[in-house]
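Trainee: Please work out how this folds:
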Amino acid sequence: MNAPGSAFDNANISNAKALDQADELGRAVDTALRSVFDPCSVRVGAPMNIVDMGLVTSVEVGGAGQVDIAVRTTSPMCTLVASIMQGVEREVRAVPGVAAVSVRIDPRSDWTEAQISGEGRVTLELRRARSQQEVPVRPREWERRVVDATKRRL
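Mentor: Numbers count the residues shown, from 1 in each chain. Okay, here's the model as predicted:
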């Protein structure tokens, strides 16, 4: 057993402090990622950050302030992924203690609606409710409109 105050105990304390600092940096990186919004969700009036959207697949924070982030796209044809990646790099690089940022696309992970967080689902439900107030659509109304349009053509 080591005596209190030995080099071994100091190393453990030092490691514990490093882990606390890494946890603190990890929380700050998470906060930064939550300030990056999916551009499509912004366009449709339901702004959702990429964390709640389920686009972030991994975040690794290294001891030297190196942060590696993997993101997935909502579609293989996503044309805005570069702007998302630039936003991630810009916001995470601004976090004190971050020395370098690497952002890559995770090609092994397909996005589905199941990845949206509970908070993100609330955002979508509120937007849907607002849409229904702005443009009220009664159930099955579209069928009547199709039938009416068809009759006019005949």
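Trainee: burial of residue 131, as a residue count?
Mentor: Here the count is done by other C-beta atoms under 10 Å, and residue 131 has 14 residues near it. (C-beta placed from N, C-alpha, C; glycine too.)
Trainee: Check for me that it belongs to a helix.
Mentor: Yes: assessed with DSSP: H, G, I helix; E, B strand; the rest coil, residue 131 lies in a helix.
Trainee: Check for me that residue 86 belongs to a strand.
Mentor: No: assigned with three-state DSSP, residue 86 falls outside any strand and is helix.
Trainee: same for the helix or strand where residue 149 lies, what does it pack against?
Mentor: For residue 149, the host element (DSSP states H and E) is helix 141-153. Using 3 or more C-beta pairs under 8 Å, 6 or more residues apart in numbering; DSSP states H and E as the contact criterion, helix 141-153 has no neighbours among helices and strands.
Trainee: How far away from the center of its chain is that helix?
Mentor: 41 Å (C-alpha atoms, centre = their mean, to the nearest Å).
Trainee: Send me that helix as PDB with only the CA atoms.
Mentor: Taking C-alpha atoms only, helix 141-153 is exported to PDB below (Å, rounded to 0.1, in the frame of the first residue of the first chain):
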ATOM      1  CA  GLU A 141     -59.400  16.700 -47.500                       C
ATOM      2  CA  TRP A 142     -56.800  16.000 -50.100                       C
ATOM      3  CA  GLU A 143     -58.900  13.100 -51.500                       C
ATOM      4  CA  ARG A 144     -61.900  15.500 -52.100                       C
ATOM      5  CA  ARG A 145     -59.500  18.000 -53.800                       C
ATOM      6  CA  VAL A 146     -58.200  15.300 -56.100                       C
ATOM      7  CA  VAL A 147     -61.700  14.100 -57.000                       C
ATOM      8  CA  ASP A 148     -62.800  17.700 -57.700                       C
ATOM      9  CA  ALA A 149     -59.800  18.400 -59.800                       C
ATOM     10  CA  THR A 150     -60.300  15.200 -61.800                       C
ATOM     11  CA  LYS A 151     -64.000  16.100 -62.400                       C
ATOM     12  CA  ARG A 152     -63.000  19.600 -63.700                       C
ATOM     13  CA  ARG A 153     -60.600  18.000 -66.200                       C
END
